[in-house]
Structures are given as C-alpha cells and as structure tokens.
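Enquirer: After the sequence you'll find the predicted model.
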Amino acid sequence: MTPFGARIRDLREERGLSQKQMAAALGVSPAYLSALEHGRRGAPNWAFVQKVIGYFNVIWDDAEELEKLAAISNPRVQIDTSGLSPDATRLANVLAERIRGLDRAQIAEILEILRPRRSRNQKSA
C-alpha cells in the first residue's frame, strides 16, 4: 500500500463509502481505485488528486498533505546512482534487495535518518 492509497482508504472508510461508490463519483473503475489503494498502481496524476480533494471537501493543509502523499506514492521506484559514489549504489541495491524484510520499526528508523536535517532539528526542539 502506498501513503496516498492508505490515506484515501482511510478517508473513504471514515465516511462509510464503498470503493464502488467512490469510484463512480470520481469517474474511475472500482478496480482502478482498489489497485491505487493497495499500491498496485503508480502515483496518481494531479487531476485525479484534485478530484479526490474536491470529493472529500478537503481544505488547506489536508489538501496539501494529499498532494504530497501522491507525489511520494510510486510503488515502483527507480534510483539512478550514476555519477554517485560506489557506496551510494551499494545502498540503493541493498535497500532494494532487503526492503521486503524490514519491519515497521526498522523502516521508521531509516526514514528518521533520511529526514532532512531541518525537520529533525524542529522535531527535537
């Protein structure tokens, strides 16, 4: 499941809507919506994200959050390490090889390490 897929699933379930109802309202198939929620489709395009924002009547910060989640929700990521150090290439390959075996705590730890310094400093302040 992608971050965007998880969020729209939560929004849909909070409102007691079926995938079929939501898909019809957004003009997509229930199969597409299911695949999007479960991470079997790539990141949605801007127009679809705007439809979701309008459908749920999401405002300001929540709308911006949905846009950001959509931007980071490609389940088939490619990492181009050309021109980077051998260690950067090794890191990308090790992560690709082992990501399925990581638990939530390990993923959270890695994300914390990779969070921009400013965000980490603000969190501890």
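Expert: The structure has been received and is ready for your questions. Numbering: from 1, shown residues only.

Enquirer: Got the domain ranges for the protein?
Expert: Domains of the chain are assigned by automatic domain parsing as 3-71, 86-124.

Enquirer: just checking, next helix/strand downstream of the helix or strand that contains residue 53?
Expert: For residue 53, the element it lies in under DSSP states H and E is helix 46-55. For helix 46-55, the following helix or strand on the C-terminal side (DSSP H and E) is helix 60-71.

Enquirer: Tell me which residues are up against the helix holding residue 53.
Expert: Helix 46-55 has contacts (CB atoms under 8 Å, 6 or more residues apart in numbering) with 4, 8, 11, 22, 25-28, 44, 58, 63, 66-67, 70. The C-beta positions use only the backbone N, C-alpha and C, and glycine is treated the same way.

Enquirer: Quick check on these: which are buried?
Expert: 4, 8, 11, 22, 26, 28, 44, 58, 63, 66-67, 70 (16 or more other CB atoms under 10 Å).

Enquirer: Tell me which of the domains of the chain sits nearest to residue 79.
Expert: domain 86-124 (4.3 Å; CB to CB).
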